[in-house]
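Engineer: no sequence on this one, just coordinates:
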């Protein structure tokens with residue numbers, strides 16, 4: 001079942017920069033898609049359209065809904081975005097409060113909020129930190145709590161912006177295993193092509209505001225010429241898989 005559709009999606013910033021130039025994309029429920037491309041390709045701009053933060057021209061539907069003012073609350077419950085910097089999502093006194101913020105704003109009962117928080121923190125193995133301040137946690141732990149703040153809202157779609165950035169190898173492996181254990185539809189913007197190779201069955205390369213390639217990760221990331229043309233390098237995982 002199709003859960004995201006973009007047709008001719010364009011977006012210009014107020015200074016005239018044309019960030020998206022006719023994006024055509026269909027995403028099926030349960031797909032894991034890596035969104036790849038150099039800095040300035042339009043990846044973050046596209047992600048911000050998925051929860052209605054930005055609205056361009058053309059057609060965009062999320063779970064059958066147009067992300068306009070009337071549908072904005074529903075869209076933001078459907079699409080959970082995990083930012084690159086967890087400190088952008090963690091701002092309350094305790095981890096419990098941070099994870100409870102979304103469910104509270106969904107007008108859930110106190111008991112349901114507590115259950116959502118417990119369940120989300122258990123998924124990311126951070127229940128032990130519920131009464132701690134997020135600011136006293138390691139960066140990797142903050143990343144997992146930030147993911148919990150999104151999971152607590154029971155979204156259908158997870159959008160992750162550079163989920164492995166600034167993580168040490170152990171924290172990256174832990175987050176990677178966690179994400180592989182989730183069944184959500186995922187859009188993952190990343191410069192880490194090894195991570196994309198291991199976690200996403202499909203990859204999309206965005207360059208200069210356009211989709212220049214869309215296909216199986218195991219095929220696209222072996223196309224050295226394609227990758228080099230768009231400022232990317234073949235990941236070590238792909239090389240090792242074909243030795």
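Structural biologist: The structure has been received and is ready for your questions. As the structure is a computational prediction, the values presented were derived from the model and not from experiment.

Engineer: contact partners for residue 156?
Structural biologist: 3, 29, 63, 78, 79, 184, 185 (CB atoms under 8 Å, 6 or more residues apart in numbering). The C-beta positions use only the backbone N, C-alpha and C, and glycine is treated the same way.

Engineer: change it to 7 Å
Structural biologist: 3, 63, 78, 184, 185 (CB atoms under 7 Å, 6 or more residues apart in numbering).

Engineer: look up the residues forming beta bridges with the last one.
Structural biologist: Pointing back at residue 185 there. Beta bridges link residue 185 to residue 157, judged by DSSP bridges.

Engineer: and the pLDDT at it?
Structural biologist: If you check residue 185, the pLDDT there is 98.

Engineer: what are the ranges of the helices in the protein?
Structural biologist: Counting by DSSP state H, the chain has helices at residues 43-50, 72-78, 95-105, 110-123, 139-151, 169-180, 193-199, 217-220, 224-229, 236-241.

Engineer: would you mind finding the most buried of those helices?
Structural biologist: Among those, ranked by average contacts under mean count of other CB atoms under 10 Å, first place goes to helix 139-151 (a mean of 24).

Engineer: where in the chain is pLDDT low?
Structural biologist: Scanning the chain for pLDDT under 70 picks out the ranges 242-243.

Engineer: count of neighbours near residue 157?
Structural biologist: Using other CB atoms under 10 Å, residue 157 is surrounded by 22 other residues.

Engineer: show me what contacts it?
Structural biologist: Taking CB under 7 Å, 6+ apart as the contact definition, residue 157 lies against 3, 78, 79, 80, 184, 185.

Engineer: same deal with residue 147?
Structural biologist: Contact analysis of residue 147 by CB under 7 Å, 6+ apart lists 82, 124.

Engineer: ok, it to residue 160 distance?
Structural biologist: 8 Å (CB to CB, to the nearest Å).

Engineer: and what of residue 120?
Structural biologist: Distance of residue 120 to residue 160, computed by CB to CB: 15 Å.
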